[in-house]
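S.K.: Sequence first, predicted model second:
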Amino acid sequence: MKQIALISSLILALGASAAHAGCQAEYKAKRDNPLELFYDVAQISGPCTVPAATVELRARLAAAGLTLLKVLSVKES
């Protein structure tokens, strides 16, 4: 009985940590006048897809005066 309780608590803990897993997106961006190029990795809070990362990063970077050039990749973290 102790083993069943231990196993079920481990399963619940692993499920909870998987639910909090994030998504990281690699991207390139630029700023004009003078031209500056940026490469960075950002946490994305939506579906872990290139289109979803593109939408989120475009808005986030525009607020910082940057233009998104390309999302290079996305991966679950």
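M.R.: In hand now; what should we look at?
S.K.: going forward, measure contacts and count neighbours with C-alpha atoms only.
M.R.: Noted.
S.K.: Direction included, what does the host helix or strand of Lys70 pair against?
M.R.: Using DSSP states H and E, Lys70 maps to strand 67-76. Partners of strand 67-76 in the sheet, by DSSP bridges, are strand 23-31 (antiparallel).
S.K.: for Leu57, what are its contacts?
M.R.: The contact partners of Leu57, by Cα atoms under 8 Å, 6 or more residues apart in numbering, come to Leu68.
S.K.: That one in helix, strand or coil?
M.R.: helix (DSSP: H, G, I helix; E, B strand; the rest coil).
S.K.: Please report the distance of it from Leu68.
M.R.: 7 Å (Cα to Cα, to the nearest Å).
S.K.: list the residues that contact both of these two?
M.R.: Counting by Cα under 8 Å, 6+ apart, nothing touches both Leu57 and Leu68.
S.K.: Ser45: neighbour count?
M.R.: Counted by other Cα atoms under 10 Å, the residues lying close to Ser45 total 13.
S.K.: wait, doesn't it sit right on Cys23?
M.R.: Yes - counting by Cα atoms under 8 Å, Ser45 does reach Cys23; the two are 6.9 Å apart.
S.K.: Which strand residues bridge the residue lying closest to Gly65 once chain neighbours are set aside?
M.R.: Nearest residue to Gly65, sequence neighbours excluded (Cα to Cα, 6 or more residues apart in numbering): Arg31, at 6.7 Å. Counting by DSSP bridges, Arg31 forms beta bridges with Glu36.
S.K.: Val41 too?
M.R.: Glu26.
S.K.: for Glu76, same thing?
M.R.: If you apply DSSP bridges, the partners that Glu76 bridges to are Cys23.
S.K.: For Ala25, see how far away it is.
M.R.: According to Cα to Cα, Glu76 and Ala25 sit 9 Å apart.
S.K.: do Leu69 as well
M.R.: In terms of Cα to Cα, Leu69 sits 13 Å off from Ala25.
S.K.: Repeat that for Val71.
M.R.: Val71 sits at a distance of 7 Å from Ala25 (criterion: Cα to Cα).
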